[in-house]
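Chemist: For reference, the sequence and a predicted model appear below.
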Amino acid sequence: MFQPELEILERRRLEELQVERLQTTLERVYSSVPFYRQRLDRAGVKPNQIRCVDDVRRLPFTHKTDLREAYPFGLFAVKPNKVARIHASSGTSGKPTVVGYTKDDLQRWAEVCARAIVTAGGKPGDRLHNAYGYGLFTGGLGLHQGAHRLDMTVIPASVGQRKRHVLLIQDFQPQGVAATPSFMLSLGETMKELGIDPRQTSLLYGIFGAEPWSEAMRTALEEMWGMDALDIYGLSEVIGPGVSIECREAKDGLHIAEDHFVVEVIDPDSAEPLPDGETGELVFTSLTKEAFPILRYRTGDIASLTQERCRCGRSHARMSRVKGRVDDMLIVRGVNLFPSELENVIIRVEQLAPHYQVVLSQKEAINRITLEVEVTTGWWEQQGKVLDYEREGVHQLYQRVKSLLKERLGITIEVALKPPHSLPRAEGKAVRVIDRRAIR
C-alpha cells in the first residue's frame, strides 16, 4: 500500500476524519464561495451543524449546469494568484466545466494517483506508458504526477499514432500502461497486424478508465495482452483520476479514497439515498480540495457501493464498475439499457470484434435502435470479404447475435454487421451512442 496508515483505517476513525475535513471544507466554501453560501443559507445549514457523515445529506446538490453557469471561476474558493493549475472539460455540450488546483491540491492529487497506481500493482522504479490525453483533460497529467510521486519513470506517450505506441512499448519496455480500454484494444489490433504478439511485451498491469467498460472487456484485454487489467475512476469536477481504483489482488470493486471524498448513491429520479448494494447515481463531496471544493456533486455515473472490507486489507468503501451514465441510458420498449450491457454480449462472440456503436434513428415517428458491430478480420476473409445476409454464414451470425441480445436483455435489437475497421476508432473516450434523430 502507498499510505497504509490511511488505507486500512477502521470505519469509526475514518468517519471521524471525514467529518473533521468536511467541516473545514464547509467553512471554506461558506466564507469564500457566494454560490455555496447562498445554497447553504437556503437549506438552513451552517458548517458547525454537520456532526456525522450522514449529515452530508443535508447539504445542497451541485450539478454540472451550476459549474457551467459559474464559468469560468465562479466556484473557486481561493484568489486567482493562489491557483497553480487550471483544467477543463471538452465542453462538447456547452461551456466547458473549469476546475482549479492550488499547489497543495496538486500534491494531494499526486498522492491519490500514486495510491491508485500502487493498488493496481505499480511500484517505485517501474516504467509507466501513459497513453491518456494531456492538456486540459485531467487524465494524462493526473497519472503522470502520481507516477512521479511514486518514483516511477513516466513515458508521456499521450493518444494517437498507434504505431509509435507499439515502438515505444517494444523499446522502452514499461511494466505498466494507462489508457482507455477501447484504445488499448485498438492498439493490440495494430500490434497483431504488424506481426507482433501483444502477450510478449513487458506489460504486467494496465490502468484503464475514462469510459464505461465491462467485465467481458477485461477478459478480452487480459487475454490479448497477458496482463492484469484494472479499472480506474475519476472526474475532473471531483479531482481527476484517482478517486477510486480496483486492487490487483481481488479485482472486486474500486477502492474509493474516502479520506478525500464522501460518496453516496442516490436514486437518479427522486434523489433519495440508496442503501449499499443498490444501483444508482454516484454523488461525491470533496474533503481536502482548496481551490475548487465541491459539495454533493451529481456525477451522472451509475454504480453501487459496499463497505465490506476487501481481501486485500483495505477498509475504504468500494464502488462497482460504472454501468453507464444517466445521459447514456436508453429506454427500449420500457427496458433500461446501457451500451456496456451490449458489450458483454459482443465480446463473447468470437466472430465479432469489440468495436461497436449504438445508433438511434427514427422512421415514421418510431424510434429505432441498431447495434452496429464489426466482424473479425479472419471471419471476414472466410466470407470472401462480403457481408451478404443471404449467405449462410453471415445469416447464421446475424441471427445468433440477435438471439443472444434477446436472451440477455429481454428485448429485440436490430443488428448491423460491419466490415473490419469500418467504425471510427476513438483516440480518447469511445463514442458508443450515435443519435441520428437530431439530424431529422
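Modeler: It's in.

Chemist: hang on, isn't residue 23 packed against residue 47?
Modeler: Yes - with contact defined as CB atoms under 8 Å, residue 23 reaches residue 47; the gap is 5.7 Å. For glycine as for every other residue, the C-beta is placed from the backbone atoms N, C-alpha and C.

Chemist: which stretches of the stretch 201-350 of the chain form helices?
Modeler: For the stretch 201-350 of the chain, applying DSSP state H, counting those that start in this stretch gives helices covering 215-225, 339-346.

Chemist: Can you tell me which of these is most buried?
Modeler: helix 339-346 (a mean of 21; mean count of other CB atoms under 10 Å).

Chemist: So what touches the helix or strand following that helix?
Modeler: Later in the chain than helix 339-346, the nearest helix or strand by DSSP states H and E is strand 352-363. Residues from elsewhere that reach strand 352-363 (CB atoms under 8 Å, 6 or more residues apart in numbering): 182, 185-186, 189, 217, 220, 330, 339, 342-343, 346-347, 367-377, 397, 401, 416, 420, 423, 425, 431-437, 440.

Chemist: I'd say residue 225 and residue 198 touch.
Modeler: Yes - the criterion here is CB under 8 Å, and residue 225 meets it with residue 198 at 4.8 Å.

Chemist: buried set for stretch 407-427?
Modeler: 409, 413, 415, 417, 418, 420, 423, 426, 427 (16 or more other CB atoms under 10 Å).

Chemist: Could I have the CA atoms of it written out in CSV?
Modeler: Provided in CSV are the C-alpha atoms of stretch 407-427 (Å, rounded to 0.1, in the frame of the first residue of the first chain):
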residue,chain,number,x,y,z
GLU,A,407,-31.8,-13.7,-24.3
ARG,A,408,-29.6,-11.4,-22.2
LEU,A,409,-31.6,-8.2,-22.4
GLY,A,410,-35.2,-9.4,-22.9
ILE,A,411,-35.8,-7.2,-26.0
THR,A,412,-35.2,-7.4,-29.7
ILE,A,413,-32.5,-5.1,-31.1
GLU,A,414,-31.6,-4.7,-34.7
VAL,A,415,-28.1,-5.7,-35.6
ALA,A,416,-25.9,-4.4,-38.5
LEU,A,417,-22.7,-6.4,-39.1
LYS,A,418,-19.9,-4.2,-40.3
PRO,A,419,-16.5,-5.0,-42.1
PRO,A,420,-13.3,-4.7,-40.0
HIS,A,421,-12.0,-1.2,-39.4
SER,A,422,-15.2,0.4,-40.7
LEU,A,423,-16.3,2.0,-37.4
PRO,A,424,-14.3,5.1,-36.2
ARG,A,425,-11.6,4.5,-33.6
ALA,A,426,-11.6,6.9,-30.7
GLU,A,427,-8.3,8.4,-29.6
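
Chemist: Centre of the chain to that stretch, how far?
Modeler: Taking CA atoms, centre = their mean, to the nearest Å, one finds stretch 407-427 lying 21 Å from the centre of the chain it belongs to.

Chemist: Could you find the closest non-adjacent residue to residue 143?
Modeler: With CB to CB, 6 or more residues apart in numbering as the criterion, residue 143 has its nearest non-adjacent residue at 5.0 Å, and that residue is residue 178.

Chemist: What is the neighbour count of residue 304?
Modeler: 19 (other CB atoms under 10 Å).

Chemist: again with residue 122
Modeler: Neighbour tally, residue 122, other CB under 10 Å: 27.

Chemist: what residues are up against it?
Modeler: Contacts for residue 122 (CB under 8 Å, 6+ apart) come out as 128, 147, 150, 152, 175, 176, 205.

Chemist: can you redo those as CSV with distance to residue 389, neighbour count and secondary structure?
Modeler: Converted to CSV, the contacts of residue 122 look like this (distance: CB to CB, whole Å; neighbours: other CB atoms under 10 Å; DSSP: H, G, I helix; E, B strand; the rest coil):
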residue, distance to residue 389, neighbour count, secondary structure
128, 46, 26, strand
147, 49, 27, helix
150, 53, 23, coil
152, 51, 24, coil
175, 46, 19, coil
176, 44, 27, strand
205, 42, 20, strand
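
Chemist: which among those gets closest to residue 2?
Modeler: residue 150 (7.1 Å; CB to CB).

Chemist: Okay, now stretch 25-41: how far is its last residue from its first?
Modeler: Using CA to CA, to the nearest Å, one end of stretch 25-41 lies 16 Å from the other.

Chemist: Which residues belonging to that stretch are considered buried?
Modeler: Applying 16+ other CB under 10 Å to stretch 25-41 flags 25, 26, 28, 29, 30, 32, 33, 35, 36, 39, 40 as buried.

Chemist: hmm, who's touching that stretch?
Modeler: By CB under 8 Å, 6+ apart, stretch 25-41 touches 46-47, 50, 59-60, 66, 70, 74-78, 285-290, 293, 295.

Chemist: Now intersect those residues with the strands, please.
Modeler: 285, 286 (DSSP state E).

Chemist: Buried ones among the contacts of stretch 25-41?
Modeler: Buried among the contacts of stretch 25-41 (16+ other CB under 10 Å): 47, 50, 59-60, 66, 70, 75-78, 285-290, 293, 295.

Chemist: Flag the shaky bits of the protein, pLDDT-wise.
Modeler: By pLDDT under 70, the weakly predicted segments of the chain are 90-94, 332-335, 364-366, 427-428, 438-440.

Chemist: hmm, try it at 80
Modeler: Applying pLDDT under 80 to the chain flags the ranges 90-94, 327-337, 340, 362-367, 425-430, 437-440.

Chemist: Among the buried residues of stretch 25-41, which one sits closest to residue 316?
Modeler: For those, the nearest to residue 316 is residue 25 (18.3 Å; CB to CB).

Chemist: Now, the contacts of strand 352-363 that are in helices?
Modeler: Residues of the contacts of strand 352-363 located in helices (DSSP state H): 182, 185-186, 189, 217, 220, 339, 342-343, 346, 377, 397, 401.

Chemist: and the nearest residue to residue 239 once chain neighbours are set aside, which of the three is it?
Modeler: Sequence neighbours aside, residue 109 is the residue nearest to residue 239 in space, at 5.6 Å (criterion: CB to CB, 6+ apart). When classified by DSSP: H, G, I helix; E, B strand; the rest coil, residue 109 comes out as helix.
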